[in-house]
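Chemist: mind looking at a prediction? Sequence and model below.
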Amino acid sequence: MSICEEVESESAPDGSVTTKQVAEVTLPRAELDRIWSAEYLERLAATYWRFLTRVSLGVLRVLYTRDAREIALVGRPLVLLRFHAPEYEAAGNRGVVTWRIDRGLLVAPTGRASGWLRIKVTRPEELEGDEITVRVSSEVANFYPAIGGWGWFSRIGRILYRGTQLRIHVIVTHAFLRSLARLDLQDSRVGALRAREIDAAAEAKAA
């Protein structure tokens, strides 16, 4: 397997920021066929949260509720980021999971209920050869960091954000994308897409 990464980052005049990192992972075609399913998309999402907990040595905790995912410093009430429940798109040659940002200590008041975290996996339309290269991207878009401040302080705040939170985010995401080469995907706690696949298979068999 080989990984080649790209990093894109930009700031908007309104204070929102967007960061995107892309990795190309080459793996055997048989292995890709085995894991190309909605279930493994959900497992990829779960792997991201597991990695975040591990890389922070347990300081960051991912808390699951029925309609949200929370990243907390040790635990509540120090919720740094709160996301709505994930939205999945698994069709054709791509799989996408999106967590929409709700609020949290790292989110500016003006940025609540704005932005998202998104992981996307794309494979070529034409699958040729014994090895296939897929693109995996991790993107945080339209995020309003609390450290960015507002008014006259925003210019200083942007510098602080780029030198602290953004740098940490890029390093962690870089490590996460590299870890995918091992294909050690976490089982999902929720298992919603796995249940749907089982139901669909049962309906098809009964038809």
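Modeler: Here it is on my side, so go on. Everything numeric here is computed off the predicted structure, so don't read it as measured data. Numbers count the residues shown, from 1 in each chain.

Chemist: so which residue is smack in the middle of this structure?
Modeler: When the chain is reduced to its mean C-alpha position, the closest residue under C-alpha atoms, centre = their mean turns out to be Ile119, at 4.2 Å.

Chemist: can you list the weak-confidence ranges in this protein?
Modeler: By pLDDT under 70, the low-scoring segments of the chain are 1-5, 150-153, 189-207.

Chemist: how about the strands in it?
Modeler: 3-11, 17-28, 60-65, 68-73, 79-84, 87-91, 94-103, 116-122, 131-143 (DSSP state E).

Chemist: select, out of the ones you listed, the one closest to Asp184.
Modeler: Asp184 lies closest, by C-beta to C-beta, to one member of those: strand 17-28, at 13.1 Å. Where you see a C-beta, it was placed from the backbone N, CA and C, and this is true even at glycine.

Chemist: what residues are up against Glu125?
Modeler: Residues in contact with Glu125 (C-beta atoms under 8 Å, 6 or more residues apart in numbering) are Asn93.

Chemist: quick one on the thing from earlier: can you redo the strands of the chain as TSV with distance to Ser37?
Modeler: Below are these laid out as TSV (distance: least, C-beta to C-beta, whole Å):
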stretch	distance to Ser37
strand 3-11	22
strand 17-28	15
strand 60-65	22
strand 68-73	22
strand 79-84	23
strand 87-91	8
strand 94-103	9
strand 116-122	11
strand 131-143	14
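
Chemist: and of the ones you listed, who's closest to Arg43?
Modeler: With C-beta to C-beta as the measure, strand 94-103 is the member of these nearest Arg43 (10.4 Å).

Chemist: residues of the closest one that come out buried?
Modeler: 95-103 (16 or more other C-beta atoms under 10 Å).

Chemist: got JSON lines for these, with distance to Tyr161 too?
Modeler: Converted to JSON lines, the buried residues of strand 94-103 look like this (distance: C-beta to C-beta, whole Å):
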{"residue": "Gly95", "distance to Tyr161": "30"}
{"residue": "Val96", "distance to Tyr161": "26"}
{"residue": "Val97", "distance to Tyr161": "25"}
{"residue": "Thr98", "distance to Tyr161": "23"}
{"residue": "Trp99", "distance to Tyr161": "20"}
{"residue": "Arg100", "distance to Tyr161": "21"}
{"residue": "Ile101", "distance to Tyr161": "15"}
{"residue": "Asp102", "distance to Tyr161": "20"}
{"residue": "Arg103", "distance to Tyr161": "18"}
